[in-house]
Each structure stands twice: as structure tokens, then as C-alpha cells.
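In: could you look at this predicted model? Sequence included:
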Amino acid sequence: MESRKIIIIGLGGIGSMLCDNMCRYLNFQENRWSVTLIDGDSYELKNQERQSFIRFGNKARVKATELRMKFDDTIFYEIEEYVTPTNIDSCIKDGDIVFVCVDNHKTRKLISEHVKKLSNVIIVSGGNEKTDGNVQITTKKGGKFLTANLNDYHPEIDNPTDKSPHEMSCEELAKSEPQILFTNMSVATIMCWIFYALDKDLLDLDDVGEVYFDMLDMSVIAHNRKPLN
């Protein structure tokens, strides 16, 4: 039986939480799944308070090794690179379900432009500040957007002022905004909700295209996101 494909881009605070729980769920489903982990970054001592890895090293390689030991009914691949204009065609293909867990708008913009070239794809993209965040859903079927592209309602993605990780110096990569484990967990959990609802055909895409949450307000709010073109 051909496996169904999931791609997880970025294995930091959100991505490492997402793949641990997502792969436990996938491994015990009737259909066999393959999961490709993509990240050019390395797990280091400074990451310990928000990320879970069995050892130091490239995050995609280390996490794939760990998951293979836990879940033998799931196929794992790793790409030890950041997503760039050079490799995006091989990273995201027609029919993929893609979880975008990056922390920069430049990569989100790159992915949103790539999605325009595909016919069938699902993108679930999550991000957060210190105590709040959002998850976007982009779905495309038969060449038609059913929900908005990542940049449609977000000018900060459409016109990014930051850099992609592959463009940064070691000093720039070492700097990061302070984040909290629980906020990362919240984003990862909402991404899992969305995946389950989409996979079971329970999500009304006319009503839900983006989800916002705020830990301090104890709120989770879904918004309609119709495609703009």
C-alpha cells in the first residue's frame, strides 16, 4: 500500500512538539504514513528548555532517528537543510500535507509562492509570540485555492523584512526572541486539531481558515479566510 505523505518544516519549539505527538497518532492508524522532517539547524544546549531531542546534532537527523526507534509502522525521511529557493521543488510536491513550523516570514513567503505552482496541497502553518499565536490553513485542490494562501491576509508575510535562516550569519542565527514552552505546545496542539479534522473530513473550510489563540486571555478564535484570488 502506498503511504500518505506528511512534511514537517522546522523542528524548533513548535516542530519538535508537533512531530512527537503527530507521529504517535499516525503510527497506529490503518493507513501507513511517511513523514519527512526538514531542518538545517542543530539541536544545542540552549534549546533544552523548549525542545526535546535525544542528543545534540542536526535536528532533522536526530529527530528522525528517535522517531524510527519509537514508531516502526511509519516511514521517516530527513532533509538536513533549510528550505530555500534552490530546493523547495524537491521539498514540497503535489499531494503533500505540509506543516510549516518556521519562525521567519521570508520562508513563509517562499512557501506561499511555491504553492501557487501546485495543484493539490495542504499547508498548515503555525507561529507565535511570547504568549499568543496563530495557525493558518491553506488548501488547494484541482488547482483552485479553497482557503487563503499564507500571504493573502498577512502583509508581513507578503512583504517580509526578515531573512531566511540560510541567509543568516552564525551570530544572527544565535539570536532569538524569548519564547515559552507552553506557547509552542499550544501552536502544535492546534495544528494537530486541524490535521485530525481535515483528515476525517470534519472541518468546514468556509468557516475556518485561521485560528488565533491567547494564553493570557484563555481564548481560541477561528476566522474565515477566503482566498483573495
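Out: It's in.

In: so residue 60 is in which element?
Out: Using DSSP states H and E, residue 60 sits in helix 59-70.

In: what do you get for residue 156?
Out: Using DSSP H and E, residue 156 falls in helix 155-158.

In: for that helix, packing partners?
Out: Here helix 155-158 is seen to pack against helix 105-115 when contacts are counted using 3 or more CB pairs under 8 Å, 6 or more residues apart in numbering; DSSP states H and E. (C-beta placed from N, C-alpha, C; glycine too.)

In: which positions within the helix it packs on qualify as buried?
Out: Residues of helix 105-115 classed as buried: 105-112, 114-115 (neighbour count, 16 or more other CB atoms under 10 Å).

In: now these as a markdown table including pLDDT?
Out: Formatted as a markdown table, the buried residues of helix 105-115 follow (pLDDT from 0 to 100):
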| residue | pLDDT |
| --- | --- |
| 105 | 97 |
| 106 | 97 |
| 107 | 98 |
| 108 | 98 |
| 109 | 98 |
| 110 | 98 |
| 111 | 98 |
| 112 | 98 |
| 114 | 98 |
| 115 | 98 |
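
In: just to revisit the earlier point, run the chain-centre distance for the helix holding residue 156.
Out: 17 Å (CA atoms, centre = their mean, to the nearest Å).

In: stretch 177-190 now?
Out: 13 Å.

In: specify the local secondary structure of residue 127.
Out: Recorded secondary structure, residue 127: strand (DSSP: H, G, I helix; E, B strand; the rest coil).

In: list the residues that contact it.
Out: 14, 102-103, 133-134, 187 (CB atoms under 8 Å, 6 or more residues apart in numbering).

In: so which of those residues is the most crowded?
Out: When neighbours are counted by other CB atoms under 10 Å, residue 14 leads these with 30 neighbours.
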